[in-house]
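>>> Next come a sequence and a model predicted from it.
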Amino acid sequence: MRLKSLATIRWQERVLVLGWIEGKLLEKGLEDPRFFRRVVRRLAYLRAGGDPERVHEMALEALNKYVDIASGSHYVLGADLRVNIAGSSIMPFGTAAGLDKNCDALEPLSYMAGFQEVGTIIVNPRKGNDRPRVAVDEKAGDLYNAQGFPSKGLDYAARKLMSYREHGGNAFILASICGLPPGPDSIDVALDETRMLLKGLDLFVDGFVWNPFSPNTAALTLLRKPRVFRQYAQLVKEKAGGRPALVKMGPYEEKDRQQWIDLAGGWMEGGGDGLVGVNTYMVPKESVPSRNWGYPSAGRSGRFLRPYRQRAIRDARREFPDSLIIATGGIDSAEEAWQAFDAGANLLEGYTPYTFHGLGLLPQMTSGVKGILRANRLGLQEYQDSIKSHYS
Ligand SMILES: Cc1cc2nc3c(=O)[nH]c(=O)nc-3n(C[C@H](O)[C@H](O)[C@H](O)COP(=O)(O)O)c2cc1C
């Protein structure tokens, strides 16, 4: 009996010590991107058996478990970098869609990011493709995914959002949504699902992003027509009112520029406010650095997307000068962040870079951008206004 209780105490002590070490590692990893890369990330990959998706799930679990560490991180820095978005003054560095698909880490992320794009949320819970379905290219700084829209569904996300708001959470949250057409003759189903998503999330979010560009979700190609974009923009804007109604756009080659502008133009004509660029780039199976890749293709994200992101932001700012533009794709340094602002972005968001460098990248990038602005005697809002008026 005595032996047993001693063993229990030892076991409890061990759990406490391990928990303390885990917390300390997380704290240091959130402060220092180099430590995150060299220590925290490596340990996490060992523990997850090398599966990048499991590492990501563990990261969200840890952020919730050690929410007090996240809340003490003072990431949401300084008034001088804030910009005005639909009446809210926000720090323009956020998290991209996919990072918190099911609104599982709203509170910890709210202490670190200026805004969050949650989702993509779909109506019915869906497992997505079988694992492994995410691969990593360490050298290139890229991820490949063929997740196929896994989601815990609308009810789950709405409950999480409601609970966050009821507990006083006031982060700026954009909901990424998509109604899925089950087949070629069923665009109407997708439209109905989109209505349900808008209604179910309306009370809890600060704007919507309609996402018709998921890799490995072939049915979505049906939606990529200017006429359909116009129709969806009307629908989303009707619900959004004064809040932003955005569309997530994919990357494109030079030769497809006009087609891309026509699609985005459809969105703007329908009353949309702007866009998020860019989503992942579809590559064939042979390009994926994984021997057992079970899918014909994958969506590539990270550094590889930089030129595509820049092209999309420049084209969008020139064609739609007054629009709200969010840049994403390989933004992993203050210089990259500045490039995106300079091309005409209002806000920046990321996913892949945080998986390599941790969320400590956020304060590193914000202070770097502040330095660039200071050296040029500029304010960010003033700079964004001057780019807009250049094209207007
Ligand atoms: C594993 C993974 C899942 C993603 N899931 C979504 C998604 O559900 N909806 C969406 O609009 N974009 C999704 N994205 C794309 C990102 O939001 C972003 O557009 C893209 O990864 C480029 O940014 P990054 O280089 O900062 O990752 C996903 C990306 C990754 C890597």
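Ah, there it is. Numbers count the residues shown, from 1 in each chain.

>>> Need the residues that contact the helix or strand containing P363.
Here P363 sits within helix 361-375, counting by DSSP states H and E. Outside helix 361-375, the residues within contact range by CB atoms under 8 Å, 6 or more residues apart in numbering are 33, 74-75, 77-78, 80-81, 91, 93, 112-113, 331-335, 337-338, 341, 350, 353-354, 379-380, 383. No exception for glycine: its C-beta is placed from N, CA and C like everyone else's.

>>> Keep these, but drop any that are not near the ligand.
G350, P353 (CB under 6 Å from any ligand atom).

>>> which of the contacts of helix 361-375 are buried?
Applying 16 or more other CB atoms under 10 Å to those, the neighbour count classes 33, 75, 77, 81, 91, 93, 112-113, 331-334, 337-338, 341, 350, 353-354, 380 as buried.

>>> Now do the helix holding P363: distance to the chain's middle.
Relative to its chain's centre, helix 361-375 lies at 20 Å (CA atoms, centre = their mean, to the nearest Å).

>>> same thing with stretch 300-320?
What separates the centre of stretch 300-320 from the centre of its chain is 15 Å, taken as CA atoms, centre = their mean.

>>> is that stretch up against the ligand anywhere?
Yes: judged by CB under 6 Å from any ligand atom, stretch 300-320 comes into contact with the ligand at S301, G302, L305.

>>> where does S176 land in three-state SS?
strand (DSSP: H, G, I helix; E, B strand; the rest coil).

>>> list the contacts for it?
A97, E117, V118, G119, T120, I121, F208, V209, W210, N211, K248.

>>> From V118, how far off is it?
Separation of S176 from V118 (CB to CB, to the nearest Å): 7 Å.

>>> Kindly report the same for S71.
Counting by CB to CB, the separation of S71 from V118 is 19 Å.

>>> More neighbours: which of these two?
V118 (30 against 14; other CB atoms under 10 Å).

>>> and the strand or helix carrying N64, what does it pack onto?
When elements are defined using DSSP H and E, N64 is found to belong to helix 52-65. If you count contacts as 3 or more CB pairs under 8 Å, 6 or more residues apart in numbering; DSSP states H and E, helix 52-65 packs onto helix 2-31, helix 41-47, helix 106-112, strand 134-137, helix 352-357.

>>> helix, strand or coil for the residue of the stretch 1-150 of the chain at minimum distance from the ligand?
Of all residues in the stretch 1-150 of the chain, the one sitting closest to the ligand is G98 (2.3 Å; CB to the nearest ligand atom). With three-state DSSP as the basis, G98 sits in coil.

>>> okay but it is in contact with T120, surely?
Yes: here G98 reaches T120: they are 7.2 Å apart, a contact under CB atoms under 8 Å.

>>> ok so, going back, flag every buried residue along the helix holding N64.
Applying a neighbour-count criterion of 16+ other CB under 10 Å, the buried positions in helix 52-65 are P52, E53, R54, V55, H56, M58, A59, L60, A62, L63, K65.

>>> re the thing from before, in the residues of stretch 300-320 next to the ligand, which residue is surrounded by the most others?
S301 (28 neighbours).

>>> ok, back up a step: show me the buried ones among the contacts of helix 361-375 that map onto strands.
F93, G350 (DSSP state E).

>>> quick one: the strands in the stretch 201-350 of the chain?
All strands of the stretch 201-350 of the chain, identified by DSSP state E, counting those that start in this stretch, fall at 207-210, 245-249, 274-277, 281-284, 297-302, 324-328, 347-350.

>>> will you turn those into TSV that also has mean pLDDT?
Formatted as TSV, the strands of the stretch 201-350 of the chain follow (pLDDT from 0 to 100):
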stretch	mean pLDDT
strand 207-210	98
strand 245-249	97
strand 274-277	97
strand 281-284	94
strand 297-302	95
strand 324-328	98
strand 347-350	98
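
>>> what's the closest of the ones you listed to P125?
strand 207-210 (20.1 Å; CB to CB).

>>> Give me the residues contacting that closest one.
86, 97, 117, 119, 174-178, 194, 198, 201, 232-233, 236, 239-240, 243-248, 276.

>>> Tell me the gap between that strand and the middle of its chain.
12 Å.

>>> who does it pair up with?
Strand 207-210 has the following strand partners under DSSP bridges: strand 172-177 (parallel), strand 245-249 (parallel).

>>> The first one and the ligand in contact?
The one in question is strand 172-177. Yes: Strand 172-177 lies within reach of the ligand by CB under 6 Å from any ligand atom, at S176.

>>> how about the CA coordinates for that strand, as PDB?
Only the C-alpha atoms of strand 172-177 are listed here, as PDB (Å, rounded to 0.1, in the frame of the first residue of the first chain):
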ATOM      1  CA  PHE A 172     -10.700  40.600 -34.700                       C
ATOM      2  CA  ILE A 173     -11.900  37.300 -36.300                       C
ATOM      3  CA  LEU A 174     -12.600  36.600 -40.000                       C
ATOM      4  CA  ALA A 175     -14.400  33.400 -40.800                       C
ATOM      5  CA  SER A 176     -13.300  31.500 -43.800                       C
ATOM      6  CA  ILE A 177     -16.300  29.600 -45.200                       C
END
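
>>> quick one, it and strand 324-328 angle?
Per axes from the mean of the first three to the mean of the last three CA atoms, to 10 degrees, the angle that strand 172-177 makes with strand 324-328 is 80 degrees.

>>> Just the buried residues of strand 172-177, please?
For strand 172-177, the neighbour count (16+ other CB under 10 Å) marks F172, I173, L174, A175, S176, I177 as buried.

>>> Might one say that M268 is in contact with P321?
No: the criterion here is CB under 8 Å, and M268 misses it with P321 at 10.8 Å.
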